[in-house]
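Q: Okay, structure incoming, though there's no sequence with it:
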């Protein structure tokens, strides 16, 4: 496995094949990080981070006022591979 842990898509973690869609995933993760200052799946342990990625478990921090359009953009880009 190669890549930065916080930017890995579920299919790379589970060992499934992947294509260019992983780049769209990374753009979504990057957008989230730009908006909040942290990656969406950040956890205390590597295994917890991987589990959050596999289950697509993330939330925008409530202390930031992030527009619904920005949230929709992150979701659309990150989940482009599933459309």
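A: Ah, there it is. Model, not experiment: these values are computed from the prediction. Numbers count the residues shown, from 1 in each chain.
Q: Going by contacts, tell me the helices and strands next to the longest helix along the chain.
A: Determined from DSSP state H, the single longest helix within the chain is helix 21-36. Counting contacts by 3 or more C-beta pairs under 8 Å, 6 or more residues apart in numbering; DSSP states H and E, helix 21-36 is packed against helix 68-78. The way it works is simple: take the backbone N, C-alpha and C, and place the C-beta from them, glycine included.
Q: buried sites along the helix it packs on?
A: If you call a residue buried by 16 or more other C-beta atoms under 10 Å, then helix 68-78 has these buried ones: 70, 73-74, 77-78.
Q: how far does that helix sit from the chain's center?
A: Centroid separation for helix 68-78 versus its chain: 11 Å, with C-alpha atoms, centre = their mean, to the nearest Å.
Q: In terms of secondary structure, what does it contact?
A: helix 21-36.
Q: hmm, back to that, what's the closest of the buried residues of helix 68-78 to residue 5?
A: Nearest to residue 5 out of the buried residues of helix 68-78 is residue 78 (C-beta to C-beta; 15.9 Å).
Q: before we move on, the earlier item: got the buried residues for the longest helix of the chain?
A: Residues of helix 21-36 classed as buried by neighbour count (16+ other C-beta under 10 Å): 22, 24-33, 35-36.
Q: still on that earlier bit, can you put the buried residues of helix 68-78 in JSON lines and add distance to residue 61 and pLDDT?
A: Output for the buried residues of helix 68-78, formatted as JSON lines (distance: C-beta to C-beta, whole Å; pLDDT from 0 to 100):
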{"residue": "70", "distance to residue 61": "13", "pLDDT": "92"}
{"residue": "73", "distance to residue 61": "17", "pLDDT": "88"}
{"residue": "74", "distance to residue 61": "13", "pLDDT": "87"}
{"residue": "77", "distance to residue 61": "19", "pLDDT": "77"}
{"residue": "78", "distance to residue 61": "17", "pLDDT": "66"}
